[in-house]
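**Student:** what follows is a predicted protein model with its sequence.
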Amino acid sequence: MQPQDRTQGAEFIFVQTSMLFMLALVFYLNVGWAVPRLLYGRRVVPYLAFLVAAVLSILVVHWVLEENSYSQPQQEQQGSEPPQPGQHGSDFRPHGPPPNNFEREFGPRRPMRQHRFGLFNPAIFITTLLALGLGTSVAAVQRGQREAEMRQALEQEKLTTELSWLKAQINPHFFFNTLNNIYALTLIDGDRAREALHRLSRMMRYVLYETQTGTAPLSQELLFVRDYIDLMQLRLTNNVHVEYHTPEPLHEAPIAPMILLTFVENAFKHGVSTVSPSSIRIHIRQPDAQTLVATIYNTLFEERPTPLDENHGIGLVNTKRRLELLYPGRHCLTVTERTPDNEYHIHLTLTLLS
């Protein structure tokens, strides 16, 4: 390789490296400063000015580098000896290596690059626009991801608030009524009263402590429902028939705490009559280790509205929302407000995480 070729190659690498650095600088300025501060700050005119300045800067830098790089071929020095007879003029090089085959055929090398475009180079212009467009796209994607994370955090915070509200909902009325029933039992049947107190303390422990982690063992959730049913039955007459079946054997899995309580609570709230026969049937099944199926039936009475007609605290609406947040695409809830047997029916299928 001739010294001139090595020089031109080094200059070419320098120009390309410099342009790559300038494009990277413009790209990161656009992503990290211009788009967040100007474009998303609704300062459109300053952002457009930044784009124009970035394009012009790249074009000017490229033009300056081009003008000051790429050495011209050595001119014949004055006073050099003329070619000898029989020697081609293009082969005469008093101070350089002998010409190669290309130069013998076509003459001395021309400059490595001809400046055809001047300051405005279409290739550099388009490349700069692509870098700016890519930077704007990357900034938009990053902003979308941050907003999605913020929405998810807000939804999680709302979900936590809803769970706290749910715990607050069952605490006052249910616990006070249960304590009154237990007090009455102490005057009649001390053994049953002690058993009821034990169940109540177990429920309170579950509500106050076991639900803080966001999930609870399935066995604990079903035991909580069992305790709730047993305590509610303290107030029921013989006109009310209650069934509660759980899977045997039980495949342990984590579940959202108190996710079944609203459905069971509604069954007792709307399916019990003090004068007419009524029935509540709660069946929990596990077709496989990752699937939980809950079916709940309760008798309907003409003088009472259905659960969906009332605004009773957190209710079914918020429970549906919890299901959407905690089990997206992994649950199926079907509510039949009146079956042919004059019953209110809830069918819930959950896909549990192992």
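**Tutor:** Yep, that arrived.

**Student:** quickly list the domain ranges of this protein.
**Tutor:** 3-71+87-109+116-150, 171-351 (automatic domain parsing).

**Student:** which of the ones you listed has the lowest average pLDDT?
**Tutor:** Comparing mean pLDDT across the domains of the chain, the weakest is domain 3-71+87-109+116-150, with a mean of 77.

**Student:** save the domains of the chain as a markdown table, and put in distance to residue 160 too.
**Tutor:** Where C-beta positions appear, they are placed from N, C-alpha and C, glycine not excepted. Formatted as a markdown table, these follow (distance: least, C-beta to C-beta, whole Å):
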| stretch | distance to residue 160 |
| --- | --- |
| domain 3-71+87-109+116-150 | 16 |
| domain 171-351 | 8 |
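
**Student:** just name the most buried of those domains.
**Tutor:** domain 171-351 (a mean of 16; mean count of other C-beta atoms under 10 Å).

**Student:** circling back: ok, which of the domains of the chain comes nearest residue 161?
**Tutor:** Closest approach to residue 161 among the domains of the chain is made by domain 171-351 (10.3 Å; C-beta to C-beta).

**Student:** this structure: strands as residue ranges?
**Tutor:** 216-217, 240-245, 254-255, 278-288, 291-299, 331-336, 343-351 (DSSP state E).

**Student:** and the fifth one, what does it pack onto?
**Tutor:** Spelled out, that is strand 291-299. Helices and strands touching strand 291-299, by 3 or more C-beta pairs under 8 Å, 6 or more residues apart in numbering; DSSP states H and E, are helix 261-270, strand 278-288, strand 343-351.

**Student:** with distance to residue 164 as new columns, can those be given to me in CSV?
**Tutor:** Formatted as CSV, the helices and strands packed on strand 291-299 follow (distance: least, C-beta to C-beta, whole Å):
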stretch, distance to residue 164
helix 261-270, 14
strand 278-288, 25
strand 343-351, 22
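
**Student:** what sits against the residue nearest to residue 241 when sequence neighbours are not counted?
**Tutor:** Spatial nearest neighbour of residue 241, excluding adjacent residues (C-beta to C-beta, 6 or more residues apart in numbering): residue 279 at 4.7 Å. Applying C-beta atoms under 8 Å, 6 or more residues apart in numbering to residue 279 gives the contacts 240-243, 271, 297-299, 343.

**Student:** tell me which of the strands of the chain lies nearest to residue 151.
**Tutor:** strand 331-336 (20.5 Å).

**Student:** which elements pack onto the longest helix seen in the chain?
**Tutor:** Across the chain, the longest stretch assigned as helix under DSSP state H is helix 122-170. Packing contacts for helix 122-170, counted by 3+ C-beta pairs under 8 Å, 6+ apart, involve helix 3-29, helix 44-67, helix 261-270, helix 315-326.

**Student:** just checking, what packs against the shortest one?
**Tutor:** Read it as helix 261-270. Using 3+ C-beta pairs under 8 Å, 6+ apart: helix 261-270 touches helix 122-170, helix 218-232, strand 278-288, strand 291-299, helix 315-326, strand 343-351.

**Student:** dump these into JSON lines; add distance to residue 35 as well.
**Tutor:** Shown next, in JSON lines, are those (distance: least, C-beta to C-beta, whole Å):
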{"stretch": "helix 122-170", "distance to residue 35": "4"}
{"stretch": "helix 218-232", "distance to residue 35": "47"}
{"stretch": "strand 278-288", "distance to residue 35": "49"}
{"stretch": "strand 291-299", "distance to residue 35": "46"}
{"stretch": "helix 315-326", "distance to residue 35": "31"}
{"stretch": "strand 343-351", "distance to residue 35": "40"}
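
**Student:** of those, which approaches residue 252 most closely?
**Tutor:** Of all the helices and strands packed on helix 261-270, helix 218-232 sits nearest to residue 252, with 5.8 Å by C-beta to C-beta.

**Student:** ok and the closest one relative to helix 261-270, angle-wise?
**Tutor:** Helix 218-232 and helix 261-270 are oriented at 20 degrees to each other (axes from the mean of the first three to the mean of the last three C-alpha atoms, to 10 degrees).

**Student:** of all the domains of the chain, which one is nearest residue 158?
**Tutor:** domain 171-351 (8.2 Å).

**Student:** now do the closest one: distance to the chain's middle.
**Tutor:** Computed by C-alpha atoms, centre = their mean, to the nearest Å, the chain-centroid distance of domain 171-351 equals 32 Å.

**Student:** and if you look at stretch 33-46?
**Tutor:** Worked out by C-alpha atoms, centre = their mean, stretch 33-46 lies 26 Å from the chain centre.

**Student:** endpoints of it, how far apart?
**Tutor:** End-to-end distance for stretch 33-46: 12 Å, by C-alpha to C-alpha, to the nearest Å.

**Student:** pull the residues that contact that stretch.
**Tutor:** With contacts defined as C-beta under 8 Å, 6+ apart, stretch 33-46 is touched by 47, 50-51, 135-136, 139-140, 143.

**Student:** over to stretch 342-354?
**Tutor:** 218, 253-255, 259-260, 263, 266-267, 270-271, 279, 289-300, 306-307, 323, 327, 330-339.

**Student:** how about residue 322, what does it touch?
**Tutor:** Residue 322 makes contact with 159, 162-163, 256, 259 under the criterion C-beta under 8 Å, 6+ apart.

**Student:** now do 7 Å
**Tutor:** 159, 162, 256, 259 (C-beta atoms under 7 Å, 6 or more residues apart in numbering).
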